[in-house]
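Engineer: Sequence below, structure please.
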Amino acid sequence: MDEEKRSLRRNAVLRGLIELPVILLISFALVFGFVRPVIASPFYVGSESMVPTLQIWDRLLINKLAYDIQGPERGDIVLFRDPEGGPDPLIKRVIGLPGDRISLRDGKLFLNGEPRKETYVAQRPCVVGAPRTCSFGPVTVPRGRVFVMGDNRAHSYDSRFFGPVPEKTLIGEALFRFWPPGRTGGPG
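Structural biologist: Numbers count the residues shown, from 1 in each chain. Coordinates of the predicted model:
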């Protein structure tokens, strides 16, 4: 009987040693073969264009499925392919949707002729001498595109310069800030 118990224990240990690498291999394949390319991926903020909402080196989780069912909404923080062909994606806030008329007057955003209250914009949205930060437009957002701007308007290269972004270039929506630890939570 003791021999039988030892044999059962030995088999259980061997099974555990074999199962662990298989489970890890399957988990690794699922995360890097499916979750990251299809569902969500990490992204770090590499510029000051979204300050104060996002700081340089903040780490975000991007929801890649966000726009598969429903289109973007005003206020969404989106990651999209650089419209000018740069290697790195850009992150900005959706300001205007198809059909919206966008303009800036004295640094204040007007949407369809009405001033917008933007609590997330950096304190100095208008810098005299900096092109397109004090006044811009009006422009109408074409069908299938969105108008994006950084929250740090004086230091953001956005739709004021490269035009409205095709919706098909949207990679996803900023879902969650996971770094730094003291600033975890929704991206803003």
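Engineer: in this structure, which spans are strands?
Structural biologist: Applying DSSP state E to the chain gives strands spanning 40-44, 59-63, 77-80, 90-96, 101-105, 108-111, 114-115, 136-140, 145-149, 165-166, 170-179.
Engineer: of the ones you listed, which approaches M50 most closely?
Structural biologist: For the strands of the chain, the distance to M50 is smallest for strand 90-96, at 6.2 Å, taking CB to CB. Where C-beta positions appear, they are placed from N, C-alpha and C, glycine not excepted.
Engineer: Give the rounded mean pLDDT of that closest one.
Structural biologist: The pLDDT scores in strand 90-96 average 96.
Engineer: orientation of it relative to strand 170-179 in degrees?
Structural biologist: 120 degrees (axes from the mean of the first three to the mean of the last three CA atoms, to 10 degrees).
Engineer: what's the angle between strand 90-96 and strand 101-105?
Structural biologist: 100 degrees.
Engineer: Which strands or helices does strand 90-96 pack on?
Structural biologist: Helices and strands touching strand 90-96, as assessed by 3 or more CB pairs under 8 Å, 6 or more residues apart in numbering; DSSP states H and E, comprise strand 77-80, strand 108-111, strand 145-149, helix 159-162.
Engineer: any chance of these in TSV, with distance to I95 too?
Structural biologist: Converted to TSV, the helices and strands packed on strand 90-96 look like this (distance: least, CB to CB, whole Å):
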stretch	distance to I95
strand 77-80	11
strand 108-111	7
strand 145-149	5
helix 159-162	7
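Engineer: Buried deepest among the ones you listed, which one?
Structural biologist: Stretch with highest mean neighbour count among the helices and strands packed on strand 90-96: strand 145-149 (a mean of 25; mean count of other CB atoms under 10 Å).
Engineer: That strand pairs with which strands, and in what direction?
Structural biologist: Partner strands for strand 145-149, per DSSP bridges, with pairing direction: strand 90-96 (antiparallel), strand 165-166 (antiparallel).
Engineer: Report the distance from it to the chain centre.
Structural biologist: 14 Å (CA atoms, centre = their mean, to the nearest Å).
Engineer: so can I have a markdown table of the strands paired with strand 145-149 showing mean neighbour count and distance to A122?
Structural biologist: Conversion of the strands paired with strand 145-149 to a markdown table gives the following (neighbours: other CB atoms under 10 Å; distance: least, CB to CB, whole Å):
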| stretch | mean neighbour count | distance to A122 |
| --- | --- | --- |
| strand 90-96 | 25 | 12 |
| strand 165-166 | 20 | 21 |
